[in-house]
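> Let me see the structure of the following:
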Amino acid sequence: MNSQVELQTEQVRPANSGSGEVVLACRELCKSYRQGNNELQVLRGVELQVAKGEKLAIVGASGSGKSTLLNLLGGLDTPTTGEVWVAGQNLASLNANERGWLRNSSLGFVYQFHHLLGEFSALENVAMPLLIGKQSVADARAEATAMLQAVGLGERLSHKPSQLSGGERQRVAIARALVTRPACVLMDEPTGNLDRATAKEIHKLMDRLNRELEISFVIVTHDPDLAAALDRTLHLIDGRLESNWHQGDHV
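Below is the predicted model of the structure:
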């Protein structure tokens with residue numbers, strides 16, 4: 001199916017397909033740092049499985065290790081002990097180039113600050129992961145255009161970040177994270193730098209794209225409204241992910 005048609009479909013599928021497919025997991029994940037003669041243990045045996053199409057919130061106090069956990073899940077940092085599996089592959093079994101390719105093809109990243117490249121247009125920013133993946137320029141531009149249209153920025157293709165509002169820049173960042181059709185998108189406070197009205201629009205956008213594309217989301221957030229809208233919430237306490245509840249159980 002043509003990707004442009006797929007993105008514009010009005011069919012909405014359940015966010016969790018029930019297939020049982022696990023797209024991201026970690027086992028006995030530990031991370032510690034040396035501080036002089038002392039060892040600071042941030043994560044203590046974290047266990048996690050993320051199903052295809054699932055939307056998961058991770059909440060916790062500032063400094064509890066939420067961003068550290070996201071970096072480990074995304075292969076941006078290495079654990080002290082334990083394993084991370086992405087799309088069925090153990091990151092520890094891959095060399096640096098292989099991890100890079102897996103991140104580019106199977107994971108997307110969105111941060112509180114958009115981290116767009118200021119000298120490039122919205123279209124060029126979104127096309128970049130596809131070009132890194134060796135896709136042709138024509139195909140990359142077509143895919144990026146379709147994704148920007150899907151997030152409501154079809155009229156902003158040539159605009160640079162400085163010409164966009166905060167909400168528009170975050171939409172570009174989300175489009176960039178989704179353009180490779182990753183198995184999972186990792187988000188670190190994606191609406192933390194936005195006003196409440198704009199944040200609500202971003203919430204709606206993420207929910208719609210999750211349903212249309214069946215991409216999983218793991219979102220670190222302090223926003224109770226965003227956490228409540230997701231499938232489940234895990235609490236990071238004393239370096240461990242505590243038991244969660246399923247938001248849909250009482251709906």
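> count of neighbours near the nearest residue to Ala183 once chain neighbours are set aside?
Among residues not flanking Ala183 along the chain, Val23 sits closest, at 3.9 Å (CB to CB, 6 or more residues apart in numbering). Any C-beta I mention is one placed from the backbone N, CA and C, and that applies to glycine too. By other CB atoms under 10 Å, 23 other residues sit near Val23.
> now swap in the one 10 residues further on and tell me
Here the neighbour count serves as a burial measure; for Tyr33 (other CB under 10 Å) it reads 11.
> Also Val50?
24.
> hang on, it packs against Ala57?
No - in this structure, Val50 is not within contact of Ala57 by CB atoms under 8 Å, at 11.6 Å.
> Asp195 and Gly166: what is the separation?
For Asp195, the distance to Gly166 (CB to CB, to the nearest Å) stands at 8 Å.
> In contact with Thr198: list those residues for me.
The contact partners of Thr198, by CB atoms under 8 Å, 6 or more residues apart in numbering, come to Ser165, Gly166, Gly167, Gln170, Thr191.
> could you redo the last one with a cut-off of 6 Å?
With contacts defined as CB atoms under 6 Å, 6 or more residues apart in numbering, Thr198 is in contact with Gly167.
> re the thing from before, surely the residue nearest to Ala183 is in contact with Pro182?
No - distance between Val23 and Pro182: 8.8 Å, which falls outside the contact criterion (CB atoms under 6 Å).
> Give the bridge partners for the nearest residue to Tyr111 once chain neighbours are set aside, please.
Excluding its sequence neighbours, the residue lying closest to Tyr111 (CB to CB, 6+ apart) is Asp188, at 5.0 Å. Per DSSP bridges, the residues bridged to Asp188 are Tyr111, Val220.
> burial measure for Asp188, as a count.
21.
> is it true that it touches Val110?
No - using CB under 6 Å, Asp188 is not in contact with Val110, being 7.4 Å away.
> In the stretch 151-251 of the chain, where is pLDDT below threshold?
Flagging of the stretch 151-251 of the chain using pLDDT under 70 yields the residue ranges 243-251.
> Tell me where it has strands.
In the stretch 151-251 of the chain, the strands defined using DSSP state E, counting those that start in this stretch lie at 184-188, 216-220, 232-237, 240-246.
> mind giving me CSV with those strands and columns for distance to Ser105?
Below are the strands of the stretch 151-251 of the chain laid out as CSV (distance: least, CB to CB, whole Å):
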stretch, distance to Ser105
strand 184-188, 11
strand 216-220, 15
strand 232-237, 26
strand 240-246, 26
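> and of the ones you listed, who's closest to Lys66?
Among those, the nearest to Lys66 by CB to CB is strand 216-220 (4.4 Å).
> residue contacts, Leu157?
With CB under 6 Å, 6+ apart, Leu157 has these contacts: Ala122, Leu123, Leu148.
> One more: Ser121?
Taking CB under 6 Å, 6+ apart, one finds Ser158, Lys160 in contact with Ser121.
> so what's it scoring on pLDDT?
pLDDT, Ser121: 95.
> ditto for the one 10 residues further on
At Leu131 the predicted local distance difference test score is 92.
> where does the residue nearest to it when sequence neighbours are not counted land in three-state SS?
Distance criterion CB to CB, 6+ apart; nearest residue to Leu131, sequence neighbours excluded, is Ala140 at 5.1 Å. Under DSSP: H, G, I helix; E, B strand; the rest coil, Ala140 falls in the helix class.
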